[in-house]
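Asks: Got a predicted model here, sequence first, then my questions.
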Amino acid sequence: MKKQSFILHFLLFFAVFLYCFMPPVFTYAENATNSFPEYSLTTFFLSFLWSTVSIFAVYNQKHDDSSFSVIGIRHFINFASIKFQIKFRKCIKHYKSGIIALLLIFASGFVISLIANQPKPQISQKTLFGWIVFFLLTCFFASAEEVLYRYYLPRTFRFFIDAFYQDNNSKAKKICVELSEFFAVLLFALAHLYLGITAVIHAFISGVILRWNIKKTDTLVSVCLIHSLYNCLIFGFYLL
């Protein structure tokens with residue numbers, strides 16, 4: 001592995017970790033536990049930027065001959081368009097795993113909500129166009145979370161672990177890989193701390209299920225669809 005490439009990936013990881021993973025953990029809004037999320041254009045553009053950069057970074061980790069350059073970006077765009085078609089077909093092929101994952105997330109959420117006895121969220125009135133935008137942004141942010149927590153974070157951890165441990169049969173390496181998987185799910189759970197401890201527990205369980213699904217199907221598309229559909233159905237349920 002080139003030393004320059006390793007340093008670039010480490011600096012990028014530090015930036016993503018600092019601006020994407022840490023703020024939600026230390027953000028607490030007292031009244032947010034009983035209200036629908038409100039999205040902003042700034043959050044949308046930042047999420048889009050970091051998601052795109054994260055996907056490109058993982059691609060660059062696999063194809064180190066395409067560095068962070070104009071040529072590398074062009075190669076990535078061509079590669080991504082073809083790869084998406086392949087992954088989408090694979091997602092359809094493994095639809096049973098997606099259905100199981102979605103049902104398990106719903107079941108765990110239902111059980112936790114019964115135990116916690118959470119109040120119904122407050123819903124601000126919107127126009128028809130406003131609701132359409134709201135659900136589209138709900139799908140986008142769910143997908144952005146999957147890119148960061150289920151795709152970039154575990155694969156980047158593995159990238160650094162592979163750099164330090166060349167022997168794949170090393171016990172220390174296997175322990176580090178397992179810890180990195182746990183840490184990625186834990187960060188995803190703590191990102192929901194502002195919604196309360198029950199949301200953290202459900203997010204942790206959901207994170208494990210979604211990570212299982214992405215490893216089972218080997219496609220990011222499936223977890224993006226599952227997460228987006230779950231969020232939209234939950235919000236739709238409260239609306240009805």
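Replies: Happy to help now that I have it.
Asks: Need the contact partners of the one helix or strand residue 108 maps to.
Replies: Secondary structure here is read from DSSP states H and E; on that basis residue 108 sits in helix 95-116. For helix 95-116, the external contacting residues (C-beta atoms under 8 Å, 6 or more residues apart in numbering) are 91, 196, 198, 201-202, 205-206, 209-210, 212-213, 216-217, 222-223, 225-226, 229-230, 233-234. The way it works is simple: take the backbone N, C-alpha and C, and place the C-beta from them, glycine included.
Asks: Please state the mean pLDDT value computed over that helix.
Replies: The predicted model gives helix 95-116 an average pLDDT of 89.
Asks: and the next element down the chain from that helix?
Replies: The helix or strand immediately downstream of helix 95-116 is helix 128-145, counting by DSSP H and E.
Asks: which residues in the chain form helices?
Replies: Secondary structure of the chain, counting by DSSP state H: helices at 3-16, 22-25, 41-62, 70-93, 95-116, 128-145, 153-164, 171-190, 197-217, 220-239.
Asks: Going by neighbour count, list what's buried in the shortest one.
Replies: Spelled out, that is helix 22-25. Of the residues in helix 22-25, those buried under the neighbour-count criterion (16 or more other C-beta atoms under 10 Å) are residue 24.
Asks: just the third one next, same as before
Replies: Within helix 41-62, the residues that count as buried by 16+ other C-beta under 10 Å are 47, 50-51, 53-61.
Asks: Repeat that for the first one.
Replies: Applying a neighbour-count criterion of 16+ other C-beta under 10 Å, the buried positions in helix 3-16 are 5, 9, 12-13, 16.
Asks: Identify the residues contacting it?
Replies: The list of residues contacting helix 3-16 from outside it, by C-beta under 8 Å, 6+ apart, reads 50, 53-54, 57, 60-61, 64, 67-68, 148, 152, 156, 159-160, 163.
Asks: one more time with 7 Å
Replies: Outside helix 3-16, the residues within contact range by C-beta atoms under 7 Å, 6 or more residues apart in numbering are 50, 54, 57, 61, 64, 68, 152, 156, 159, 163.
Asks: now the buried residues of helix 41-62 in a markdown table, with distance to residue 95?
Replies: What follows is the buried residues of helix 41-62, written out as a markdown table (distance: C-beta to C-beta, whole Å):
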| residue | distance to residue 95 |
| --- | --- |
| 47 | 27 |
| 50 | 29 |
| 51 | 24 |
| 53 | 30 |
| 54 | 26 |
| 55 | 23 |
| 56 | 28 |
| 57 | 29 |
| 58 | 24 |
| 59 | 26 |
| 60 | 31 |
| 61 | 29 |
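Asks: quick one: which of the residues you listed is nearest residue 134?
Replies: Here the nearest of these to residue 134, counting by C-beta to C-beta, is residue 47; it sits at 15.2 Å.
Asks: Can you tell me, leaving aside adjacent residues, what's nearest to that closest one?
Replies: On the basis of C-beta to C-beta, 6 or more residues apart in numbering, the spatially nearest residue to residue 47 that is not a chain neighbour turns out to be residue 144, at 4.3 Å.
Asks: Would you check that that neighbour makes contact with residue 53?
Replies: No - counting by C-beta atoms under 7 Å, no contact exists between residue 144 and residue 53, whose distance comes to 11.5 Å.
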